[in-house]
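Asks: A structural model of the following input is requested.
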Amino acid sequence: MTQHLDLFGQPVIQRRADFDGKNRLKLIRCWGPGPIACVIGHNPSDADGTKDDPTSRWWNNWFQLFGFGGYVGVNLYPWCSAKPADVYARVDGIDRGDWSARDELHFVNLPAVVAEAKKADQVFVCWGAIARDCLWLEHVIEEIQSGESPYPDLWCWGKTASGAPKHPMARGKHRIPKDQKPILWRAS
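Replies: The predicted structure follows:
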């Protein structure tokens, strides 16, 4: 990929987002040559094909600093909301028989997450302590690290007290330094 620079010598970021209805399956950012990462978060906020949110801006800066050519952001849940409580309500709805939400999760989102993780040069996870559905979390990890090869290791930027991979927007003592070296979270 050819790298394009703006007037200040900074890489021009090519932005794209893939949606299935209102659900964001992928957030794509590319700016030049180098490895492409897959980043797995919890749920999409409001970044899309034209704008970034605080998390994607952090990713843009970190991946450029560490020599990546771009990344694809995917999530455990595809439902766009800045509030995890909205996502919890959808998950709880599955337990009450919301088959539409279950199908979106299992048959649309999960294959997208697994495909992006398996084709990335390196996979990063960052859902923080808000990922409370341990069965779903383990299912996603198992799908990524089994089946057809490759079986990628999962990297993070730090761990919470419970061992969850920290989110870039963590605050206080959990804040991740902008130059944090990647940490192996779970080997395949």
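
Asks: Nearest to the spatial middle of the protein, which residue is it?
Replies: The C-alpha lying nearest the average C-alpha coordinate of the chain belongs to Ile40 (C-alpha atoms, centre = their mean; 2.6 Å).

Asks: The helix or strand encompassing that one packs against which elements?
Replies: Take DSSP states H and E as the rule and Ile40 turns out to sit in strand 36-41. Counting contacts by 3 or more C-beta pairs under 8 Å, 6 or more residues apart in numbering; DSSP states H and E, strand 36-41 packs against helix 54-65, strand 70-75, helix 110-119, strand 122-125. For the C-beta atoms, the positions are set from N, CA and C on the backbone; glycine is no exception.

Asks: Which stretches in this structure count as helices?
Replies: Using DSSP state H, the helices of the chain run over residues 54-65, 84-95, 99-103, 110-119, 134-144.

Asks: Would you tell me which of the ones you listed gets closest to Lys26?
Replies: Closest to Lys26 of the helices of the chain is helix 110-119 (C-beta to C-beta; 6.3 Å).

Asks: what angle separates the closest one from helix 134-144?
Replies: Angle, helix 110-119 to helix 134-144, by axes from the mean of the first three to the mean of the last three C-alpha atoms, to 10 degrees: 50 degrees.

Asks: So for helix 110-119, what gets flagged as buried?
Replies: Leu110, Ala112, Val113, Val114, Ala115, Glu116, Ala117, Lys118 (16 or more other C-beta atoms under 10 Å).

Asks: quick one: contacts for the last one?
Replies: Put plainly, it is Lys118. Counting by C-beta atoms under 8 Å, 6 or more residues apart in numbering, Lys118 touches Ile144, Glu148, Ser149, Pro150, Pro152.

Asks: Sweet, I'm off.
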